[in-house]
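Student: From the sequence below, what's the structure:
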Amino acid sequence: MTDPAPAPTTLGDLAPEQFEHHARVLAHWIAEYLAHPERHRVLSALAPGEFRASIPAAMPRDGESLEAILADLDRVVMPGVTHWNHPGFFAYFANTASVPGILAELVIAALNQVGILWRTSPALAELEQVTTAWLRDACGFPADWFGMITDTASVSTLQALAAARELDPALEVRHRGLAGRSDLPRLRIYCSSQAHSSVDKAAITLGLGAENVVRLPVDAGFRMRSDALDAAIRADRAAGYRPLAVVATVGTTSTTSVDPVPAIADLCARERMWLHVDAAYAGVLALVPAQRRHFVGVERADSFVVNPHKWLFAPMDCSVLWTRHPQVLKRTFSLTPAYLETQEQDVALSLSDYSFQLGRRFRALKLWWVLRAFGQEGLAARLQQHCDFATRLADTVVRTPGWQVTAPVGMSVVCLRHVPEGVTDEAVIERHNAAILDRVNGSGRVFLSHTKLGERYTLRLAIGNLRTQWTHVAEAWALLQAATL
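Tutor: The predicted structure follows:
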């Protein structure tokens, strides 16, 4: 038997000198990318499975050099990237990684904080409270709202609806669950037909069932009809259901419509129901004093969600959940096994007590840096500019023969479609506009998405990227017009 090869003297991380060198290389690469995003197609041209086929099926036996790994950014990764940082990204809702946010992410990764308890990262726990309070106050929301950061609005809404089940302790859902409960009526959640699908997913996850999400009709402006909500609640009570919560939307995904929150809040107060307001996209618009008309009545919400990673230029993922019932949220989730007990637990806030997730990232750092780098006035000016671009585009569209604006433009999204002269068949109009969308997105210059408003297939241009200027909007409009020919 031969002697084994001698073990290396160290088995630790790569040398700090290697990090410093390659970090400089990577910083230059990122700076070049941010300076010239237009060099790339917005929408990746790869076919399904093509990216995966470009990578070996198994991990390497021996470690590879960082030079080889970084080289694969351009060779392998970039062809498979859809560029959300591109100023021509007009699909869904924008998501911009800004310079201060990117820098913060580097620090977040380096420090690698795990916010289980206050003592596992006092800075994480307390900065999260500071930043959510800064944003709350700058938006003019109630000073007694308790804030925390989750990853996405889907999780924020899930936690809010979990708390709604705990608002009435007599339901005993936390301890007894829902299954096999003959003493517990079926619980119902109400939202409009335009509400986000995360409401349904939350109901599925919480065991309430998608069948118990009651989607209500909307008016001509795509807002929830409060009279329909009232009627649905009365009918459900008569049928033996238990109305639990209403999810009102301020800035719906398709059209950015705003549900009548004051009337909904009145019904929730009458029925002792939890009111959750989903303002994932639009909530930050409250930073603009002239735009606060959209937020009348939200101070009466039991919970409220906004995503700084959408329109506030924080990199994914960063969703802020506020509630005026932190004690209910804590009653819903707090669980402290012996190995997590600490001497300061009665005086120091541990955010794991308010969530089903035990660990959490240091997301507050990137929100803090973004808020400081741009400031309240700088953020407000950028948001208002996006709204101005949308208004300008909508005015242009309605003056152009054959084109329609299909929903009110109240924020930074324009819904539009082209109707050929003499055509009234909605199926034909849908195929025509779907073909327009394919041609425009196929250009690689811009990326738009679509929606359906009733039976009408509609193109949707959402402005919200930090780097978008009017020239990019104008280019999208020119491509749309050319695609009709």
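Student: counting contacts, what elements does the lowest-mean-pLDDT helix or strand in the chain pack onto?
Tutor: Within the chain, no helix or strand scores below helix 173-176, which has a mean of 92 by mean pLDDT, DSSP states H and E. On a contact count with 3 or more CB pairs under 8 Å, 6 or more residues apart in numbering; DSSP states H and E, helix 173-176 meets helix 153-166. Where C-beta positions appear, they are placed from N, C-alpha and C, glycine not excepted.
Student: so where do the strands sit in the chain?
Tutor: Using DSSP state E, the strands of the chain run over residues 146-150, 187-192, 213-216, 242-249, 274-278, 303-306, 319-323, 403-405, 413-418, 449-453, 456-462.
Student: so how far is the second one from its chain's centroid?
Tutor: I take that to be strand 187-192. Strand 187-192 sits 21 Å away from the centroid of its parent chain (CA atoms, centre = their mean, to the nearest Å).
Student: Now do the same for it: mean pLDDT, whole number.
Tutor: Averaged over strand 187-192, pLDDT sits at 97.
Student: for the first one, same thing?
Tutor: For strand 146-150, the mean pLDDT works out to 98.
Student: Parallel or antiparallel, list what pairs with it.
Tutor: When pairing is defined by DSSP bridges, strand 146-150 lines up against strand 319-323 (antiparallel).
Student: which residues touch the strand it pairs with?
Tutor: Under the contact criterion CB atoms under 8 Å, 6 or more residues apart in numbering, strand 319-323 has outside partners 132, 135-136, 141, 145-153, 155-156, 159-160, 163, 280, 283, 302-309, 329, 367.
Student: can I get the CA coordinates of that strand in PDB?
Tutor: Provided in PDB are the C-alpha atoms of strand 319-323 (Å, rounded to 0.1, in the frame of the first residue of the first chain):
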ATOM      1  CA  SER A 319     -40.900  43.600   0.600                       C
ATOM      2  CA  VAL A 320     -42.100  45.700   3.500                       C
ATOM      3  CA  LEU A 321     -45.100  44.500   5.500                       C
ATOM      4  CA  TRP A 322     -46.700  47.000   8.000                       C
ATOM      5  CA  THR A 323     -49.400  46.200  10.500                       C
END
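Student: Find out how far that strand is from the centre of the chain, if you would.
Tutor: Worked out by CA atoms, centre = their mean, strand 319-323 lies 12 Å from the chain centre.
Student: orientation of that strand relative to strand 274-278 in degrees?
Tutor: 150 degrees (axes from the mean of the first three to the mean of the last three CA atoms, to 10 degrees).
Student: Would you mind getting the angle between strand 319-323 and helix 153-166?
Tutor: 20 degrees.
Student: can I assume residue 446 is in contact with residue 90?
Tutor: Yes - at 5.9 Å, residue 446 and residue 90 qualify as touching, with contact defined as CB atoms under 8 Å.
Student: Can you pull out the low-pLDDT segments for this structure?
Tutor: 1-9 (pLDDT under 70).
Student: Can you spell out the domain ranges of it, please?
Tutor: 16-89, 114-361, 375-483 (automatic domain parsing).
Student: what's the most buried one of the ones you listed?
Tutor: Across those, averaging neighbours per residue (mean count of other CB atoms under 10 Å) puts domain 114-361 on top, at a mean of 19.
Student: what's the angle between the longest helix anywhere in the chain and strand 456-462?
Tutor: Counting residues, the longest helix found in the chain (DSSP state H) is helix 363-398. Relative orientation of helix 363-398 versus strand 456-462 (the same axes, to 10 degrees): 120 degrees.
Student: From the contact counts, what lies against helix 363-398?
Tutor: Secondary-structure packing of helix 363-398 (3+ CB pairs under 8 Å, 6+ apart): helix 99-111, helix 122-139, strand 146-150, helix 308-311, strand 403-405, strand 413-418, helix 470-483.
Student: So residue 193 is in contact with residue 214, correct?
Tutor: No - using CB under 8 Å, residue 193 is not in contact with residue 214, being 10.3 Å away.
Student: before we move on, the earlier item: which residues are common contacts for residue 446 and residue 90?
Tutor: Joint contacts of residue 446 and residue 90 (CB under 8 Å, 6+ apart) are residue 476.
Student: Return the residues in contact with residue 379.
Tutor: 284, 287, 312, 313, 371.
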